[in-house]
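A.B. asks: Predicted model, plus sequence, below.
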Amino acid sequence: MRVFSNPVGAGSLWFDNLTIADGTPVAYDPQARAFVPMPPFCANRERIGCNWIAPKEGEFCRSCAMTALAPDPDIPNAIPNWAQTEAAKRWALDNLGRWHWFRPEDPGAPPVFHLLAEGPTPVAMGHAQGVVTISVAEVDPVLVMTRREALQEPYRTMIGHMRHEISHMLWWRLSLREDFLDAFRAMFGDERIDYQAALQYHYQNGPPTEWRQHYLTSYASAHPHEDWAETAAHLLHLTDIADSFVATGLSSPQIPHSGWDPYSEPDAERLIRIAADLTVGVNHVNRAMGLSDLYPFVLSDHARHKLTFVHDWLRRGALGL
Ligand SMILES: [Zn+2]
Ligand SMILES: [Zn+2]
């Protein structure tokens with residue numbers, strides 16, 4: 001994610017800022033990718049702290065307009081959890097917009113989001129026919145840690161869920177193209193194998209012993225759809241790590257030159273190599289504060305090939321190139 005200039009004074013603004021340091025309100029224009037000092041603000045600004053501008057006064061911004069179902073406000077913490085969920089969604093959408101996905105120039109359908117609070121039964125997160133369903137309870141730190149332990153996941157965050165589920169939706173968009181499916185099946189396997197049976201087998205028997213040589217995560221080994229979603233989410237993680245690193249002005253011998261834009265980098269192998277090298281360094285920095293690794297994954301050769309494949313399609317897919 002880039003770091004932005006302050007439209008009414010000195011200094012920089014972060015993507016989530018609602019005001020500058022003295023309290024003057026600002027808003028983010030997702031089309032211009034810049035902060036502006038004036039309304040029309042998103043109709044969700046007061047309720048959930050959305051800092052994007054809207055097309056007209058009283059309307060929702062482009063991101064909030066994609067939320068067809070918001071959580072039941074009577075469920076405890078639904079609104080603050082929803083606010084954090086929408087913040088992760090705006091971040092993921094802005095990243096994807098760098099490759100033109102879901103912006104006005106994208107001729108295809110944007111995702112529809114169902115962002116639901118959890119009652120006694122957990123919300124089943126997933127994607128079907130363009131609809132992405134996310135549990136807003138997944139921002140709760142206690143719940144996340146419990147599920148991370150139960151599922152033996154090294155990494156579980158809301159932005160991770162957003163990237164994973166939107167990646168299923170991106171697969172669906174790409175599958176409407178004639179040239180995608182054969183290439184996909186050659187790289188990831190045939191997604192027409194029984195999905196429910198494959199997931200049931202995975203949860204009962206665990207991943208194959210050699211999964212690390214072929215998959216980024218053990219869950220990715222469950223089915224080609226999950227392999228795609230995990231791989232695409234990781235491409236989005238890695239590209240955003242590189243972009244955020246460069247945006248802060250930090251330097252590293254791996255960065256090709258000042259002004260390098262990871263989203264414009266055509267060489268996927270180079271992008272992945274640079275991002276992976278940066279994660280090793282930032283993991284080390286995190287350990288200085290006793291924090292868990294920024295990126296607790298190892299990229300096998302096979303995983304890098306799949307990341308390269310996803311990069312190729314995500315970079316050109318929105319515009320049908
Ligand atoms: Zn909004
Ligand atoms: Zn999935």
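C.D. replies: Perfect, I can see it now. Ligands and ions are numbered 1, 2, ... in the order given.
A.B. asks: nearest residue to the residue in the stretch 201-321 of the chain positioned nearest to ligand 2 other than its sequence neighbours?
C.D. replies: Using C-beta to the ion, residue 229 is the residue of the stretch 201-321 of the chain that sits closest to ligand 2, at 4.3 Å. All C-beta atoms are positioned from the backbone trio N, CA, C, and that covers glycine. Nearest residue to residue 229, sequence neighbours excluded (C-beta to C-beta, 6 or more residues apart in numbering): residue 167, at 4.3 Å.
A.B. asks: In contact with the one you found, which residues?
C.D. replies: With contact taken as C-beta atoms under 8 Å, 6 or more residues apart in numbering, residue 167 is in contact with 228-233, 236.
A.B. asks: Pull up the gap between it and ligand 1, please.
C.D. replies: Distance of residue 167 to ligand 1, computed by C-beta to the ion, to the nearest Å: 22 Å.
A.B. asks: Confirm that that residue sits in a helix.
C.D. replies: Yes. Judged by DSSP: H, G, I helix; E, B strand; the rest coil, residue 167 forms part of a helix.
A.B. asks: Not counting sequence-adjacent ones, nearest residue to residue 176?
C.D. replies: Nearest residue to residue 176, sequence neighbours excluded (C-beta to C-beta, 6+ apart): residue 108, at 7.7 Å.
A.B. asks: Now do the same for residue 198: helix, strand or coil?
C.D. replies: Following three-state DSSP, the label given to residue 198 is helix.
A.B. asks: so who does it touch?
C.D. replies: Shown in contact with residue 198 (C-beta under 8 Å, 6+ apart): 222-223.
A.B. asks: Please apply the same query to residue 90.
C.D. replies: For residue 90, the contact set (C-beta under 8 Å, 6+ apart) comprises 15, 30, 50, 52, 63.
A.B. asks: Confirm that it sits in a helix.
C.D. replies: Yes. Membership of residue 90 in a helix is supported by three-state DSSP.
A.B. asks: So for the residue nearest to residue 312 when sequence neighbours are not counted, what's the pLDDT?
C.D. replies: Nearest residue to residue 312, sequence neighbours excluded (C-beta to C-beta, 6+ apart): residue 268, at 6.5 Å. pLDDT, residue 268: 96.
A.B. asks: Many thanks, have a good one.
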